[in-house]
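Peer 1: quick one, what's the 3D model for this:
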Amino acid sequence: MNIRSRVAALAATLPLVLGLVACTDDAAIKPEASTTKPAANQKAAKPPARLTTATFAPVTLAANAKVKSWAGVMRMSLNGQVMTATIAQTYKPLAMRMDMSGPQFGGVAHAVLINGVLYLQLPIPQARGRYLKFDSQDTRNPTAAAFAQLFAAADPTNGNEVLRKALVKVKFVASETVGFRKVDRYDLTMNNAAMLRVLGMKGPAGMPKTSVQSLWIGADRLTYKSLSAGTQITITGYDTVGAIRAPSPKMVIKTGR
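Peer 2: Coordinates of the predicted model:
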C-alpha cells in the first residue's frame, strides 16, 4: 500500500477514533468483561447518587473541567477489521498522540496532533521513518482539509457542546467494575444531526436520527470506559500525560497537494 492509500485509510479512521458517528461493525467489538475482584481490605463506600437525563451533562462536565490530560486504550472495528491504539491527550496545550495498529495501515502508524497540525508516521519504505505533515488551515491542500475535522473532534470545548446539545436521554444500566474501580454504566441516546452540527459536519444520507453510547462513570464522575459505534476506549489514567511535542523538523517531510 502506497503513501496516498494509507493516508486515505487514516483519513477515514482517525475521526472515528476521536468519537464521531460512524457506520462500523458493532458486532465485532463487545464490552470487555469487567473485573469483579475487590481490592484487599477495601471498605464499602456509599455509592454516589445515580445520574439522570437532567443531571448527567452538568455533573460530568464539571468533573471533566478539572482534568488536564488523559490516556487510554482503544479497540475499533472498521469494515470487519479490528484496529487497536494507545491514546494520550493534553488539553492545555491541546495535543494528542496515537499509536495505531491494524491492517488498514499495513502495520503500526503513529500520529501527533498539536497546534492545528497533524503529523503521521506510516510503515512504508518511502517515508523512511519520517512524518508526513498536514496543516488543517491549508485550504489549498485537499488532504489537509479532510483532516480538519480531527481538530474539531479533539477539542474538549466541542465535546462539551455535543453533550449539552445532542444528549436526548440517559439510562442507568448497572453497577460494574473497571480495573477494580467501581463504576456505573449509563446508556446515552444522542441526536446524531445535533452532534455533527456542533462539529461543523454533515451526516451521510440515511443516517439514523439517534445513536446510543455507553459510558462507565466513576464516583469522581469521570468516564473510565466508553462504547460507541463499535469503538471501545478504556481510560488508563487521568492527569498522567507528560508534554506532547511535535517531531523535530528533520523528521518531517512535506506532503504534496
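
Peer 1: contacting residues for residue 170?
Peer 2: Counting by C-beta atoms under 8 Å, 6 or more residues apart in numbering, residue 170 makes contact with 51, 52, 53, 56, 186, 187, 188, 189. Any C-beta I mention is one placed from the backbone N, CA and C, and that applies to glycine too.

Peer 1: so which residues make contact with the strand or helix carrying the last one?
Peer 2: Spelled out, it's residue 189. Element membership for residue 189 (DSSP states H and E) is strand 181-191. Strand 181-191 is contacted by residues 45, 47-48, 50-51, 56, 162, 165-177, 209-219, 224-225 when judged by C-beta under 8 Å, 6+ apart.

Peer 1: which helices and strands does the helix or strand just after it pack with?
Peer 2: Counting by DSSP H and E, the next helix or strand C-terminal to strand 181-191 is helix 192-198. Where contact means 3 or more C-beta pairs under 8 Å, 6 or more residues apart in numbering; DSSP states H and E, helix 192-198 is packed against helix 156-166.

Peer 1: what's in contact with the helix it packs on?
Peer 2: 19, 56-57, 60-61, 64, 91, 94, 152-153, 190-192, 194-195, 197-199.

Peer 1: among the contacts of strand 181-191, which are in helices?
Peer 2: Among these, the members falling in helices (DSSP state H) are 56, 162, 165, 166.

Peer 1: and which of the contacts of residue 170 is nearest residue 108?
Peer 2: residue 188 (32.1 Å; C-beta to C-beta).

Peer 1: for residue 195, see how far away the closest one is.
Peer 2: Distance, residue 188 to residue 195, by C-beta to C-beta, to the nearest Å: 11 Å.

Peer 1: same thing with residue 251?
Peer 2: For residue 251, the distance to residue 195 - C-beta to C-beta - is 36 Å.

Peer 1: same question for residue 94.
Peer 2: Distance from residue 94 to residue 195, by C-beta to C-beta: 20 Å.

Peer 1: before we move on, back to that, and which of the contacts of residue 170 is nearest to residue 98?
Peer 2: residue 188 (24.0 Å).

Peer 1: before we move on, back to that, out of the contacts of residue 170, which end up buried?
Peer 2: 51, 56, 186, 188, 189 (16 or more other C-beta atoms under 10 Å).

Peer 1: just put those in a markdown table and tack on distance to residue 203.
Peer 2: Shown next, in a markdown table, are those (distance: C-beta to C-beta, whole Å):
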| residue | distance to residue 203 |
| --- | --- |
| 51 | 27 |
| 56 | 23 |
| 186 | 24 |
| 188 | 18 |
| 189 | 16 |
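
Peer 1: just name the closest of those to residue 246, please.
Peer 2: Of those, the one sitting nearest to residue 246 (C-beta to C-beta) turns out to be residue 188, at 34.3 Å.

Peer 1: which residues pair with that closest one across the strands?
Peer 2: residue 170, residue 213 (DSSP bridges).

Peer 1: ditto for residue 118
Peer 2: Beta-bridge partners, per DSSP bridges, of residue 118: residue 113, residue 134.

Peer 1: residue 84 touches residue 72, doesn't it?
Peer 2: No - using C-beta atoms under 8 Å, residue 84 is not in contact with residue 72, being 11.5 Å away.

Peer 1: higher neighbour count, these two?
Peer 2: residue 72 (20 against 13; other C-beta atoms under 10 Å).

Peer 1: quick one, what contacts that one?
Peer 2: So residue 72 contacts 86, 87, 233, 234, 235, 236 (C-beta under 8 Å, 6+ apart).

Peer 1: could you give the angle of the one helix or strand the second one maps to to helix 156-166?
Peer 2: Okay, so that is residue 87. Per DSSP H and E, residue 87 falls inside strand 81-91. Inter-element angle recorded for strand 81-91 and helix 156-166: 110 degrees (by axes from the mean of the first three to the mean of the last three C-alpha atoms, to 10 degrees).
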